[in-house]
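Undergrad: What follows is a predicted protein model with its sequence.
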Amino acid sequence: MLHILGTIIVGLIVGLIARALKPGNDSMGLIMTAVLGIAGAFVAKYAGIATGFYKEGDPVGWIASIIGAIVLLVIYGLVTSKRAG
């Protein structure tokens, strides 16, 4: 249970940093920000494995997680802007 709570807290921190670094208005709540950060870490891990930066089972670093979250924010922005327009 503590591991899951730690993952959520780290995901929230990563999501908040990614939202602060990416320019533009990314209006989403804290839950979506935490999900964004957690998903960003998964994207970074699988991209790192595919490119040879990480081996299976290696932990993903903070910077890679933030970059993964920024990539997801850009994709989220593209999807929501097409839906709104």
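TA: Perfect, thanks for sending it.

Undergrad: Pretty sure residue 24 is one of the things residue 76 touches, is it not?
TA: No: counting by C-beta atoms under 8 Å, residue 76 stays clear of residue 24, with 10.8 Å between them. In this view, the C-beta of every residue, glycine as well, is placed from N, C-alpha and C.

Undergrad: Which one of the two is surrounded by more residues?
TA: residue 76 (17 against 9; other C-beta atoms under 10 Å).

Undergrad: host element of the more buried one?
TA: Under the criterion of DSSP states H and E, residue 76 resides in helix 62-84.

Undergrad: Give the buried residues for that helix.
TA: 64, 65, 66, 67, 68, 69, 70, 71, 72, 73, 76 (16 or more other C-beta atoms under 10 Å).

Undergrad: confidence score at residue 42?
TA: Predicted confidence (pLDDT) at residue 42: the value is 85.

Undergrad: got the contact list for the nearest residue to it once chain neighbours are set aside?
TA: Nearest non-adjacent residue to residue 42, counting by C-beta to C-beta, 6 or more residues apart in numbering: residue 68, 7.3 Å away. Applying C-beta atoms under 8 Å, 6 or more residues apart in numbering to residue 68 gives the contacts 39, 40, 41, 42, 43, 44, 45, 47, 60.

Undergrad: For residue 20, state which of these is nearest.
TA: Set against residue 20, the nearest of those by C-beta to C-beta is residue 40 (13.5 Å).
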